[in-house]
Every structure is written in structure tokens, then in C-alpha cells.
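Colleague: Any chance you could fold what I've pasted below:
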Amino acid sequence: MTARLRTAHTADLVPAELRAVRAFLEAAFEGDFSADDWDHTLGGVHALVHDDAGLAAHGSVVQRRVRHAGRSLRTGYVEGVAVRPDVRRTGLGGRVMDALERVLDGAYVLGALSATDEGALLYVARGWHRWPGGIAALGPSGVVPLPEEEGATFVRPGSAGPLDPAHPLLFDWRDGDLL
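Modeller: Predicted coordinates:
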């Protein structure tokens, strides 16, 4: 089987492709993929890998703002990374991340993502760093600490330079899961 990688902005995906991606992610996350999770996946660049059986892997990177130590950082946030069960551990997750990291490195000063323990293995192997400091979001009523995200958030500093864990990462607000 030949796996073909395609990158495309959300605006360049036709409705049938978007429906296929959403169904793929709902299946991959075993019912733990909400309408808000879908919304978070949209509006940026998607990396899609197709093989003879259809969609085999997906990920996207969307723009977010992260305040850190008095700076507002244009951040590429990785969303919706999944690989079909029958082709896991065959390098397709790495191909998706290669494409997304190219976008991150060229368009953003910081890369960030939230990972499960299983998913973290891929990101650490690629040089992502588990964020050792605090995590919060700037909500409608002010700063909302997110201690449950500490230890699950990974960064790729890029041109932002070194980040100081004495200062939290303060993410922009959004509906649903904040990270």
C-alpha cells in the first residue's frame, strides 16, 4: 500500500473531506471527540495521509495566542492527531508531524499541544518538551488556572527563544476543552 500525504487549509477541503475527517477522528478518539473538539481542529492546515483503504492519519495546526512573561506569542497549536488502528506504529504519525512541524517552523514562534501519555511518546521522540511550568487560560472573568493540563502540555519553542517555567503559559480562551 502506498500512503499519500496531502496538506491543505480547512478552506481547501470540500465538505465530503471534512465529513470524512470528522468521522475518522470520532472513531479514533472512541466517542471522546466533541463538537468543540471538532471546532478546535478547523481553521488551519491539515495533514492527511490516505492509503488504499482511505484516510489513515490526520493532524492539524491552528493559530492560538499564548501570553508568556509579558509577551503575546503567535502559537501553532496541534490538534486532532490520530492514526487508524490497523496502521499504527508504521510511521504515519511521524509523517503527519513532519508536515505540521514544517508549518510550525515557518509560520509560528511557538508550537504547543496537549497529549495523552501514549501520544506523548511520539512528541518526545520528535524533540517536543513537556512544559514544566504552570498552565492557565485568559477567560472572560480573568485568568483560569488549568492544573489538570500541567504535565500534559508540550512545547516546541521555535523562534520564541527559551521559555521561563517560572512564568505560566497563558492560553487564549475557547469553548470546550481549553487545551
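Colleague: sec struct for the closest residue to Ser34 other than its chain neighbours, please.
Modeller: Leaving aside its chain neighbours, Ser34 sits nearest to Gly176 (6.0 Å; criterion: C-beta to C-beta, 6 or more residues apart in numbering). Any C-beta I mention is one placed from the backbone N, CA and C, and that applies to glycine too. For Gly176, the assignment made with DSSP: H, G, I helix; E, B strand; the rest coil gives coil.
Colleague: need the contact list for Gly176.
Modeller: Counting by C-beta atoms under 8 Å, 6 or more residues apart in numbering, Gly176 makes contact with Ser34, Ala35, Asp36, Asp37, Asp39, His40.
Colleague: among these, who's most crowded?
Modeller: His40 (22 neighbours; other C-beta atoms under 10 Å).
Colleague: Pretty sure it sits against Arg174.
Modeller: Yes: His40 is in contact with Arg174 according to C-beta atoms under 8 Å; the separation is 6.7 Å.
Colleague: Narrow the contacts of Gly176 to those in helices?
Modeller: Those of the contacts of Gly176 mapping onto helices are Ala35, Asp36, Asp37, Asp39, His40, per DSSP state H.
Colleague: sorry, back to before: what is the nearest of the contacts of Gly176 to Val66?
Modeller: His40 (14.8 Å; C-beta to C-beta).
Colleague: Identify the residue nearest that closest one in space, chain neighbours excluded?
Modeller: His40's closest residue in space is Glu79 (C-beta to C-beta, 6+ apart), at 5.2 Å.
Colleague: List the strands paired with whichever strand or helix holds that neighbour, with their directions.
Modeller: In this structure, Glu79 sits in strand 71-83 according to DSSP states H and E. Here strand 71-83 has these sheet partners by DSSP bridges: strand 54-68 (antiparallel), strand 110-114 (parallel).
Colleague: Okay, Arg74 and Val81: tell me how far apart.
Modeller: Counting by C-beta to C-beta, to the nearest Å, the gap from Arg74 to Val81 is 21 Å.
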